[in-house]
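In: What would the 3D arrangement of this be:
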Amino acid sequence: MSEPVGHRLLPSCLVSTRPLRLFNTLSREVAGFEPRKPPSVGMYSCGPTVYAYQHIGNMRAYVFADILKRTLRWKGYEVRHVINITDVGHLTSDADVGDDKLELAARRERRTIWEIAEHYTAAFRNDLAKLRVLDPDLWSKATDHIPPMIEFASQLDRTGWCYALPSGLYFDTSRDEDYGKLARLDIEGQLEGARVGTVEGKRNPADFAVWRTADASEQRQMEWDSPWGRGAPGWHLECSVMSIEHLGRHFDIHTGGVDHIPIHHTNEIAQSEAYLADGENWVRWWLHGEFMNLKGAKISKSAGGGALVGDLVDRGYHPLVYRYLLLQAHYRSQIEFSWEAIDGARTGLRRLLERYASARSEPAAVLGDGARSHLEAFDAAMCDDLNTPKALAVVAAASRDEALGQDEVTALAREFDTVLAIGLADLSPSDLDLKHSDVAVTNADIEAVVAERASARARRNLARSDELRAQLTELGVVVEDHADGTSSWRWA
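Out: Below you'll find the predicted structure:
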């Protein structure tokens, strides 16, 4: 289910010079995209906190970022893309109080925090591959960047942007006249505790931790020495440091979900612009994807209840059916998941694959005027703030155009799929009807089930443990339980 061999990701000579227009959350308007140093584009996407499996709603942000990156490359830009992995520092909410999510998961699953991070990172990347989300140019782990984080925080402290409390180093938002400009926050009207939780000694409700000093009475697995005591970086600090280190002091695009706007991205901007101190906007373009409503998808076997990509596969849905479902809505529109909706998406994608059947056998041709008109319409849709619903309508219209030769259909399918990646150029309709034996099972998939079974055993949920063992047996996996409570597995 990875990207087909030979799938082109180079600027297309068939693409017009029409400008790409995008909605910038910072300006609240759609405008023509212009990078700082064309044709190069630096792009950073907030990655997951790897303490649990990412449900299908989480995956929407990465499909959106993938569509953006594919479109940029299709238009001729050279994109350097970074996604971070948060393996420390993110507490149980967006607050500055509570447990670190990974520490909590490690205690719950009786594994080290390093094992937790490695396991859930592998599961996340496996799901991205199933959805044909291209790997970034760089995966950036927070724990690989602790020294530059301490140096970044030290500069903020030296220049008077922070103040120290027993609980850590805090950014003084009252010094930033533009604080909250991304979210258009009414700082004066906010109540204590409404944003980031009550911390004794904090000067302002919006102030946030740059470094969290560990409580001497607690034993945490991830701690580092710093000028403010032994502890760990604040969540917001991580993204500022990693993006600047790998993309430069200023870069072009920062993406994430809309939930990041009022706190995480707002705080990233505040500390980064205080650190840079050059009077410029740190990042020129902020793009955010909307939520998916998962009320109709609470079927996951994993803790948390949200449906996973693996749950869709277990029910016989090819992962690209879910990608197709997402593209039926604009990235800035909310979408509701239901089994009826994904059934409809499977029907719609199957119909397209039937009409583009020749794309898997015919050589591509030079496009005639009729085919070029479809490509122009597709380009116009994608340049209209990534209007994927309109682009899919163009794909469908081209598939019904009887004036096109089969070789032209092939050429169009490959162009469309360079951006959309829904299988037009390599999937057959029958590929959408998955049986369990049809699904490529990786070691990461097996490790995920084994870990879930270990968690069930630790909770003494023997019925669930037995159910998972049966699933593994069906896959041809032998599980061996050991006296110390651990389990190992091997292929039969």
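In: quick one: the strands in the stretch 151-300 of the chain?
Out: Counting by DSSP state E, counting those that start in this stretch, the stretch 151-300 of the chain has strands at residues 162-165, 168-171, 208-213, 231-233, 251-257, 283-289, 292-293.
In: Format those strands as CSV; extra columns: mean pLDDT, mean neighbour count and distance to Leu91.
Out: Glycine gets a C-beta too; all of them are placed from N, C-alpha and C. Shown next, in CSV, are the strands of the stretch 151-300 of the chain (pLDDT from 0 to 100; neighbours: other C-beta atoms under 10 Å; distance: least, C-beta to C-beta, whole Å):
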stretch, mean pLDDT, mean neighbour count, distance to Leu91
strand 162-165, 97, 18, 16
strand 168-171, 96, 26, 12
strand 208-213, 94, 27, 8
strand 231-233, 92, 25, 10
strand 251-257, 98, 24, 18
strand 283-289, 98, 23, 22
strand 292-293, 90, 18, 24
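In: In TSV: those, plus distance to Gly201.
Out: Output for these, formatted as TSV (distance: least, C-beta to C-beta, whole Å):
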stretch	distance to Gly201
strand 162-165	4
strand 168-171	8
strand 208-213	12
strand 231-233	16
strand 251-257	30
strand 283-289	31
strand 292-293	39
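In: Tell me the pLDDT of the closest residue to Arg18 other than its chain neighbours.
Out: Residue nearest to Arg18 in three dimensions, not counting chain neighbours: Cys383, with 5.0 Å by C-beta to C-beta, 6 or more residues apart in numbering. If you check Cys383, the pLDDT there is 97.
In: Ok, Pro4 next?
Out: On the pLDDT scale, Pro4 gets 39.
In: Ok, Glu118 next?
Out: Reported pLDDT for Glu118: 90.
In: how deep is it tucked in, by neighbour count?
Out: For Glu118, the count of nearby residues is 15 (other C-beta atoms under 10 Å).
In: and what of the one 4 residues further on?
Out: Per other C-beta under 10 Å, the neighbour tally for Ala122 reads 17.
In: so it, which of the three states?
Out: helix (DSSP: H, G, I helix; E, B strand; the rest coil).
In: thought it was touching Ala451?
Out: No - Ala122 is beyond contact range of Ala451, at 10.3 Å (criterion: C-beta atoms under 8 Å).
In: Show me the contact partners of stretch 285-292.
Out: 22-26, 33, 56-57, 60-61, 64-65, 68, 182, 252-261, 265, 326, 331-337 (C-beta atoms under 8 Å, 6 or more residues apart in numbering).
In: and Tyr275, what does it touch?
Out: 152, 155-156, 240, 244.
In: and stretch 47-65, average pLDDT?
Out: For stretch 47-65, mean pLDDT is 94.
In: just how off-centre is it within its chain?
Out: Centre-to-centre, stretch 47-65 and its host chain are 5 Å apart (C-alpha atoms, centre = their mean, to the nearest Å).
In: buried ones in that stretch?
Out: Across stretch 47-65, burial judged by 16 or more other C-beta atoms under 10 Å covers 47-65.
In: what's the answer for stretch 117-134, then?
Out: 117, 119-134.
In: Take those residues and keep only those in helices.
Out: 117, 119-130 (DSSP state H).
In: what would these look like in JSON lines with distance to Arg108?
Out: Converted to JSON lines, these look like this (distance: C-beta to C-beta, whole Å):
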{"residue": "Ala117", "distance to Arg108": "14"}
{"residue": "His119", "distance to Arg108": "13"}
{"residue": "Tyr120", "distance to Arg108": "12"}
{"residue": "Thr121", "distance to Arg108": "17"}
{"residue": "Ala122", "distance to Arg108": "18"}
{"residue": "Ala123", "distance to Arg108": "16"}
{"residue": "Phe124", "distance to Arg108": "18"}
{"residue": "Arg125", "distance to Arg108": "22"}
{"residue": "Asn126", "distance to Arg108": "22"}
{"residue": "Asp127", "distance to Arg108": "21"}
{"residue": "Leu128", "distance to Arg108": "25"}
{"residue": "Ala129", "distance to Arg108": "27"}
{"residue": "Lys130", "distance to Arg108": "26"}
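In: quick one: the residue most central in space within the chain and Glu238, what's the gap?
Out: For the chain, the residue nearest the mean C-alpha position is Tyr62 (3.4 Å; C-alpha atoms, centre = their mean). According to C-beta to C-beta, to the nearest Å, Tyr62 and Glu238 sit 18 Å apart.
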